[in-house]
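Participant: Dropping a prediction and its sequence here:
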2 protein chains.
Amino acid sequence: METETIVHTKEACNASVTAVRDALYALSGKWKLPLIIALTERPMRFNEIQRALEDITPKILSKELRELELNEFVERKVFATVPVTVTYELTPYSKSLDNVLRELKTWGEEHRERIIASRRKPVV
Amino acid sequence: METETIVHTKEACNASVTAVRDALYALSGKWKLPLIIALTERPMRFNEIQRALEDITPKILSKELRELELNEFVERKVFATVPVTVTYELTPYSKSLDNVLRELKTWGEEHRERIIASRRKPVV
DNA sequence: CATACTACTATCCAAAAGGATAGCGATATC
DNA sequence: GATATCGCTATCCTTTTGGATAGTAGTATG
């Protein structure tokens, strides 16, 4: 194994930080993940989502859905029924999150185990 | 290609959300990434880090370092010099973040391009 | 004896994120 | 005509996060 030669220019580092932060930001907030998972099963209407995610208030739900829409993870469709119905569904692009989410999930699981284990047997 | 059959039991989904959230949490906050990158080059002392990350206040720096320590990304070493010096350095375990960070960075870069592009040519 | 350096902590404050509660316009049902 | 359903928005409030500023103990230097 050879040591990688990595150039840590200030610019390259800042760019990395920005990219990672952009990614983290797209997934941040209390409800984005639950929302994405809920919509993974099927498209849902506004009130339907609200009932599924028991504790979310309409204001927050509305805001989170708008952000998911801006990031093109979710498409909002309005139907001229009476009363009007609106559905939210995951876009094909939302699949691009799969790799990231899988890595995060794997790492999160392993990390949790490690931290819990290291609290059981503290430093001697 | 066949459609994957994924079981979305409530428990499995909650476990996923928790794992991903744990991972996101470990990287969250304004300074964790810059700190990790700064320490990637070499171990540093407290005041040294503060000078490197120009705008961070000692209170915040202290808090962020403590969190990185709890997550075992950073090791704190105290030297009985005069005056006492304390260094912070990345642990081998911090390398476990590499995959996650690489995925986040790649996705973040592509996502930024996509969103900027789609704002240039809005829906017709 | 004042000042500076080390690594911080303490107190107070501002901004951001999240939430509770109420209400709106349109229509349908009782 | 009161009530309900739909998809929200408006207003106010709390919690969390981040920050500004000052100060601490111990030692050394001018």
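Facilitator: The structure has been received and is ready for your questions.
Participant: So which bits of chain A are right by DNA strand C?
Facilitator: Counting by Cβ under 7 Å from any atom of the strand, the positions of chain A adjacent to DNA strand C are A:28-31, A:55-60, A:82-83. For every residue, glycine as well, the C-beta is placed using N, CA and C.
Participant: Reformat those as JSON lines; add pLDDT and neighbour count.
Facilitator: Shown next, in JSON lines, are those (pLDDT from 0 to 100; neighbours: other Cβ atoms under 10 Å in any protein chain shown):
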{"residue": "A:Ser28", "pLDDT": "94", "neighbour count": "15"}
{"residue": "A:Gly29", "pLDDT": "93", "neighbour count": "15"}
{"residue": "A:Lys30", "pLDDT": "95", "neighbour count": "12"}
{"residue": "A:Trp31", "pLDDT": "97", "neighbour count": "19"}
{"residue": "A:Asp55", "pLDDT": "89", "neighbour count": "8"}
{"residue": "A:Ile56", "pLDDT": "95", "neighbour count": "18"}
{"residue": "A:Thr57", "pLDDT": "95", "neighbour count": "9"}
{"residue": "A:Pro58", "pLDDT": "96", "neighbour count": "10"}
{"residue": "A:Lys59", "pLDDT": "95", "neighbour count": "8"}
{"residue": "A:Ile60", "pLDDT": "96", "neighbour count": "15"}
{"residue": "A:Val82", "pLDDT": "83", "neighbour count": "6"}
{"residue": "A:Pro83", "pLDDT": "88", "neighbour count": "4"}
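Participant: Pick out the most distant pair among those.
Facilitator: Within the residues of chain A next to DNA strand C, two members stand farthest from each other by Cβ to Cβ: A:Ser28 and A:Val82, at 37.4 Å.
Participant: hey, where'd the strands end up in chain A?
Facilitator: For chain A, the strands defined by DSSP state E cover A:44-45, A:74-79, A:85-90.
Participant: orientation of the last one relative to strand A:74-79 in degrees?
Facilitator: Here strand A:85-90 runs at 160 degrees with respect to strand A:74-79, directions being taken by axes from the mean of the first three to the mean of the last three Cα atoms, to 10 degrees.
Participant: Strand A:85-90: partners in the sheet, and parallel or antiparallel?
Facilitator: Strand partners for strand A:85-90, identified by DSSP bridges, are recorded as strand A:44-45 (antiparallel), strand A:74-79 (antiparallel).
Participant: Dump the C-alpha coordinates for the longest one into PDB.
Facilitator: This file holds the C-alpha atoms of strand A:74-79, laid out as PDB (Å, rounded to 0.1, in the frame of the first residue of the first chain):
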ATOM      1  CA  VAL A  74     -40.600  15.100  -5.400                       C
ATOM      2  CA  GLU A  75     -43.100  16.100  -8.000                       C
ATOM      3  CA  ARG A  76     -46.300  17.800  -7.000                       C
ATOM      4  CA  LYS A  77     -49.400  17.100  -9.100                       C
ATOM      5  CA  VAL A  78     -52.600  19.000  -8.900                       C
ATOM      6  CA  PHE A  79     -55.900  17.300 -10.000                       C
END
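Participant: list the contacts for the nearest residue to A:Trp31 once chain neighbours are set aside?
Facilitator: Of all residues beyond its chain neighbours, the one nearest A:Trp31 is A:Glu64 (4.8 Å), with distances taken as Cβ to Cβ, 6 or more residues apart in numbering or on different chains. The contact partners of A:Glu64, by Cβ atoms under 8 Å, 6 or more residues apart in numbering or on different chains, come to A:29, A:31-32, A:35, A:56.
Participant: Tell me which of those fall in helices.
Facilitator: Counting by DSSP state H, the members of the contacts of A:Glu64 that fall within helices are A:32, A:35.
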